[in-house]
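Undergrad: just need the structure, nothing else, for what follows:
(chains A and B)
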2 protein chains.
Amino acid sequence: MTRFRCAIHIVPRRGILDPQGKAVADALHSLGFGAVGDVRVGRYVVVDTDAASADAARASVTAMCEKLLANPVTEDFEIASVEQA
Amino acid sequence: MTRFRCAIHIVPRRGILDPQGKAVADALHSLGFGAVGDVRVGRYVVVDTDAASADAARASVTAMCEKLLANPVTEDFEIASVEQA
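TA: Below you'll find the predicted structure:
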């Protein structure tokens, strides 16, 4: 078993309202960042897990996203990286 | 001016307690993911902004992180990517 560090991006699904992103965009405009357009705010989760291989770690983390980390109705996730820790 | 899509990772600083990450790790253990070690939960922010160049977009987003997006006492940020949108 090897320890892998897996980074996950979880973002609001395209087309679903992102009030937190809208609030951040408005705040950036107020602070003088007038060139800012759309902002989307998601979660960045880093999971350290033991697995036999990088592929096994990726499969395990995908299952974690489907079961707990991401809301399948409103969010999309992607495994950004799987690296030996 | 070109539109750039900038992705930012904002994570709790190493050594600072991350109660949300601890809660997620405990929940994953309860769900049968016993191989999971440390979990850290941060934010993933995607900002679309107009800038003259990729370097200018990166500088602008760094200023946004310092002024609004990241808490300088408890969080670290990194610009994960700057791509033409």
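Undergrad: sec struct for the residue located most distally from the centre of chain A, please.
TA: What lies farthest from the middle of chain A is A:G32; by CA atoms, centre = their mean that is 27.7 Å. Classification of A:G32 using DSSP: H, G, I helix; E, B strand; the rest coil returns coil.
Undergrad: for it, give its distance to B:L17.
TA: Per CB to CB, to the nearest Å, A:G32 is found 34 Å from B:L17. (Each C-beta comes from the backbone N, C-alpha and C, glycine too.)
Undergrad: what's the answer for A:I16, then?
TA: Applying CB to CB, the value for A:I16 to B:L17 is 32 Å.
Undergrad: compare those two and say which is more crowded by neighbours.
TA: A:I16 (12 against 9; other CB atoms under 10 Å in any protein chain shown).
Undergrad: got a list of what the residue nearest to the more buried one when sequence neighbours are not counted touches?
TA: Closest residue to A:I16 apart from its sequence neighbours, by CB to CB, 6 or more residues apart in numbering or on different chains: A:T74 at 5.4 Å. Neighbouring residues of A:T74 by CB atoms under 8 Å, 6 or more residues apart in numbering or on different chains: A:12-13, A:16.
Undergrad: all strands of chain A, in order?
TA: A:2-12, A:36-51, A:75-84 (DSSP state E).
Undergrad: so which of the ones you listed gets nearest B:D26?
TA: Distance to B:D26, taken as CB to CB, is lowest for strand A:36-51 among the strands of chain A, at 12.9 Å.
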